[in-house]
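Participant: all I have is the shape, not the residue letters:
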């Protein structure tokens, strides 16, 4: 029996992931390759075309491919372009939807990578069955996607939901976006590393983290140290949870979501991060919301990144046809 699928493409600054995904969220086949974001966009397209054709050849005669969903940083669904991406050296605006449509002769749906991830959580993941929630990706930066009444909140300019760039401290840390004191400079893998280095300067306690450079230190290193009772690592998670919980309480006041879904490298710390987040979110919540907002960890792994773009494609197909 021929399987009905869409092609999900997740474009990252380091890696691009491509997969064939069924309506139920089963990944039939996937592949990963280096984005080589410092090279021109045509070079990326050559590699993508080769990888997709190889993938399709393996399933020739066994699948019916309906469309393509793309999740990418700084993607604007209104223009079909990737606009001013900080980690992709492809120029100011890349008309990716048009080029991929011309290359593969299939309908293309485009979303910001964090927004696509939120749709993946709604259709296939921890938010299945929910209509109102916020997905936070705590990775190198802080990505976010907002679902309201079962639909992705996009906004007037295609850029709604940039929770990572709400202000924590006007005199705080400099952010790559050019602003000062953004949430992602505190609540992300990069942010917690900055916190650790500040604490190592202020605290006398021994820590295995002192042997690591900023570039070499990972979120896993900090999580492992905290799990072993390292005071510097535990304090870093406490401070991170306090800042993030505070801003999540603000988000609740704006949106009244059922839940927050946390994913990304920092979320792998589990309860070490969740407990201070919950404590401080509840502390700052307006009374009407207290005890009602769930904080859940995503069940998706980085290998499942194609599910978000695939969910985008399936939802678009559902809105435009009887597929």
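Facilitator: Right, received. Where do you want to start? These numbers come from a predicted model, not from an experiment.
Participant: which residues are in contact with the closest residue to residue 305 other than its chain neighbours?
Facilitator: Leaving aside its chain neighbours, residue 305 sits nearest to residue 10 (4.0 Å; criterion: Cβ to Cβ, 6 or more residues apart in numbering). (Each C-beta comes from the backbone N, C-alpha and C, glycine too.) Contacts of residue 10 were listed using Cβ atoms under 8 Å, 6 or more residues apart in numbering, and they are 16-18, 70-72, 113, 116, 305-306, 308-309.
Participant: ok, now with 7 Å
Facilitator: The contact partners of residue 10, by Cβ atoms under 7 Å, 6 or more residues apart in numbering, come to 16-17, 71, 113, 305-306, 308-309.
Participant: likewise residue 296?
Facilitator: Per Cβ under 7 Å, 6+ apart, neighbours of residue 296: 126, 259, 261.
Participant: can the residues you listed go into a markdown table with extra columns for neighbour count, pLDDT and distance to residue 4?
Facilitator: A markdown table is the format used below for the contacts of residue 296 (neighbours: other Cβ atoms under 10 Å; pLDDT from 0 to 100; distance: Cβ to Cβ, whole Å):
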| residue | neighbour count | pLDDT | distance to residue 4 |
| --- | --- | --- | --- |
| 126 | 20 | 95 | 25 |
| 259 | 18 | 98 | 30 |
| 261 | 28 | 97 | 27 |
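Participant: for these, which one is nearest residue 101?
Facilitator: For the contacts of residue 296, the minimum distance to residue 101 (Cβ to Cβ) is 30.6 Å, reached by residue 261.
Participant: where does pLDDT dip in the stretch 201-323 of the chain?
Facilitator: Residues of the stretch 201-323 of the chain that meet the criterion pLDDT under 70 lie in 319-323.
Participant: what about residue 248, how many residues nearby?
Facilitator: Neighbourhood size, residue 248 [other Cβ atoms under 10 Å]: 27.
Participant: which of the residues in the helix or strand hosting it are buried?
Facilitator: Secondary structure assignment for residue 248, by DSSP states H and E: helix 231-255. Buried residues in helix 231-255, counted by 16 or more other Cβ atoms under 10 Å: 232-252, 255.
Participant: equivalent analysis for stretch 272-292, please.
Facilitator: Here stretch 272-292 shows 272-274, 276-278, 280-282, 285 as buried, counting by 16+ other Cβ under 10 Å.
Participant: in TSV: these, plus distance to residue 187.
Facilitator: Output for the buried residues of stretch 272-292, formatted as TSV (distance: Cβ to Cβ, whole Å):
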residue	distance to residue 187
272	14
273	9
274	13
276	11
277	9
278	14
280	11
281	12
282	17
285	17
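Participant: taking the residues you listed together, which two end up most distant?
Facilitator: It's 272 and 285 that sit farthest apart of the buried residues of stretch 272-292, by Cβ to Cβ, at 21.6 Å.
Participant: just to revisit the earlier point, which SS state does the residue nearest to residue 305 fall under?
Facilitator: Secondary structure assignment for residue 10 (DSSP: H, G, I helix; E, B strand; the rest coil): strand.
Participant: okay, it and residue 110: tell me how far apart.
Facilitator: The gap separating residue 10 from residue 110 is 12 Å, by Cβ to Cβ, to the nearest Å.
Participant: same question for residue 195.
Facilitator: Distance of residue 195 to residue 110, computed by Cβ to Cβ: 35 Å.
Participant: so between the two, which is more surrounded?
Facilitator: residue 110 (28 against 24).
Participant: tell me the contacts of the more buried one?
Facilitator: Residue 110 sits next to 70, 75, 77, 80, 96-97 when contact means Cβ under 7 Å, 6+ apart.
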